[in-house]
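Undergrad: Need coordinates for the following:
(one chain, ligands or ions: 2)
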Amino acid sequence: MSNYPMPSSDQLLDIYRRAITIKLNDERIIREMKSGRLVTPYYSARGQEIIPASVMQSVTDDDYLCTIYRGTHDMVAKNFPLDVMWAELAGRVTGSCKGKGGTMHLTHPETGSMVTTGIVGSSMPIATGLGWAAKLNGRGQVSIASFGDGACNIGAFHESLNFAGVFDLPVIFLCQNNLYAEHTSMAKSTRVDRYSKRAAGYGIEGVTVNGNDPEEMFGAAKWAIDRARAGEGPTLIEAMTFRFNGHLLGDPGEYIPKEEYAENLAKDPVPALRKRLLDKSVADEVALGAMEAEILARINAAVKAAYAAEYPDVTELKRDVYAAELA
Ligand SMILES: Cc1ncc(C[n+]2csc(CCOP(=O)(O)OP(=O)(O)O)c2C)c(N)n1
Ligand SMILES: [Mg+2]
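TA: Numbers count the residues shown, from 1 in each chain. Ligands and ions are numbered 1, 2, ... in the order given. Model (predicted):
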């Protein structure tokens, strides 16, 4: 672990900026849903913010990200514009898929935010294909596949790791291990104690890190991304974390032991990083307050603009859905 590169103070501050944007955006989505103003499927990643906020320090818009239904947080960290995202969540024509995709199909190629998908495991073969394209392009791009612990037990995981390994593709397999797949614990799903062990079966690198620790997460991701860019092949990173809001909104998480829940909630990684920045004098209260106010203002503006926009009209229904519009 100590051999991993460390984030600079500026990078640590930027990890917080991305993490607090994810948290405030998540809280606003839930507020809007509870008010009845926003009707959307939504899988909160509250508690998992540090993972994408740290990983995205080492990528640019030219690099690819494919993630899952829970991956709104990944997309926010990848610089998916908030106004376009909110319009999409609200089903408006100004959204990234003209309101026809929603949380399950967020896509914004300009920032390399390629897709969120509702099919468990499917971020991996798509990211692997993009990794293959990146290798052929020769521009040194990397492709990140984000997925959950449950997805490690689906065929697409094995096929993707094997293929990426055989061709030394620049793919980062980023497992966000929140210990539960829907309502089933990892302990009940597998005989291995760490999914990263499976990397050995495909002859690729595999590591397990504390995904809620920004320094460890940054270090492992940068190491893996640098290797991928240098043509040294894929890495499976298992980032340990916890989801605070159950599988989906309204799931009280009764299948999680009370002590386990309480222990994780008490270690909320976003306020913990804020405190660390203050303790290390990376930023003071005034600077962090100003940053948070600016983010809140951006979210407010995005929500307002989304609600003011039109819904797609009926002529939009088939557009961009079929290769050639049906008569
Ligand atoms: C192929 C497929 N099988 C089953 C489902 C139903 N399903 C939706 S989410 C989920 C759990 C996935 O858990 P995990 O991979 O750990 O991701 P998390 O939700 O914890 O982020 C399942 C089984 C699905 N969407 N797709
Ligand atoms: Mg999970």
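Undergrad: thinking Thr40 is in contact with Met33, fair?
TA: Yes - counting by Cβ atoms under 8 Å, Thr40 touches Met33, with 6.8 Å between them. The way it works is simple: take the backbone N, C-alpha and C, and place the C-beta from them, glycine included.
Undergrad: And the residue of the stretch 51-200 of the chain closest to ligand 1?
TA: Nearest to ligand 1, among the residues of the stretch 51-200 of the chain, is Gly148, at 2.1 Å (Cβ to the nearest ligand atom).
Undergrad: That residue pairs with what?
TA: Residues in a beta bridge with Gly148, per DSSP bridges, are Gln176.
Undergrad: Can you show me the helices along the stretch 101-250 of the chain?
TA: 123-137, 155-166, 214-229 (DSSP state H, counting those that start in this stretch).
Undergrad: mind saving the C-alpha coords of the first one as CSV?
TA: Put plainly, it is helix 123-137. Output in CSV follows, covering the C-alpha atoms of helix 123-137 (Å, rounded to 0.1, in the frame of the first residue of the first chain):
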residue,chain,number,x,y,z
SER,A,123,-20.8,-2.3,-17.7
MET,A,124,-17.9,-4.7,-18.0
PRO,A,125,-18.2,-6.0,-21.6
ILE,A,126,-19.0,-2.5,-22.8
ALA,A,127,-16.0,-1.0,-21.1
THR,A,128,-13.9,-3.9,-22.3
GLY,A,129,-15.0,-3.1,-25.9
LEU,A,130,-14.1,0.6,-25.4
GLY,A,131,-10.8,-0.5,-23.9
TRP,A,132,-10.1,-2.5,-27.1
ALA,A,133,-11.0,0.6,-29.2
ALA,A,134,-8.7,2.6,-27.0
LYS,A,135,-5.9,0.2,-27.7
LEU,A,136,-6.5,0.4,-31.4
ASN,A,137,-6.7,4.2,-31.3
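Undergrad: Please name the nearest non-neighbouring residue to Leu296.
TA: Leu24 (6.0 Å; Cβ to Cβ, 6 or more residues apart in numbering).
Undergrad: which residues touch that neighbour?
TA: Counting by Cβ atoms under 8 Å, 6 or more residues apart in numbering, Leu24 makes contact with Glu292, Ile295, Leu296, Ile299.
Undergrad: list the buried ones in the top helix by length along the chain?
TA: Counting residues, the longest helix found in the chain (DSSP state H) is helix 9-35. By 16 or more other Cβ atoms under 10 Å, the buried positions in helix 9-35 come out as 11-26, 28-30, 32-33.
Undergrad: Nearest residue to the middle of this structure?
TA: The residue lying closest to the centre of the chain (Cα atoms, centre = their mean) is Asp74, at 2.3 Å.
Undergrad: what's the next secondary structure element after the one helix or strand that residue maps to?
TA: Under the criterion of DSSP states H and E, Asp74 resides in helix 72-77. Of the helices and strands lying after helix 72-77 in sequence (DSSP H and E), the nearest is helix 82-89.
Undergrad: Please spell out which residues along stretch 312-319 are buried.
TA: Buried, per 16+ other Cβ under 10 Å, within stretch 312-319: Pro312.
Undergrad: coming back round to it: any idea how many residues pack against the residue of the stretch 51-200 of the chain closest to ligand 1?
TA: Around Gly148 sit 27 other residues, with neighbours defined as other Cβ atoms under 10 Å.
Undergrad: show me the contacts for it.
TA: Applying Cβ under 8 Å, 6+ apart, the residues near Gly148 are Ile68, Arg70, Val120, Cys175, Gln176, Asn177, Asn178, Ala181.
Undergrad: from those residues, which are also near ligand 1?
TA: Arg70, Val120, Asn178, Ala181 (Cβ under 6 Å from any ligand atom).
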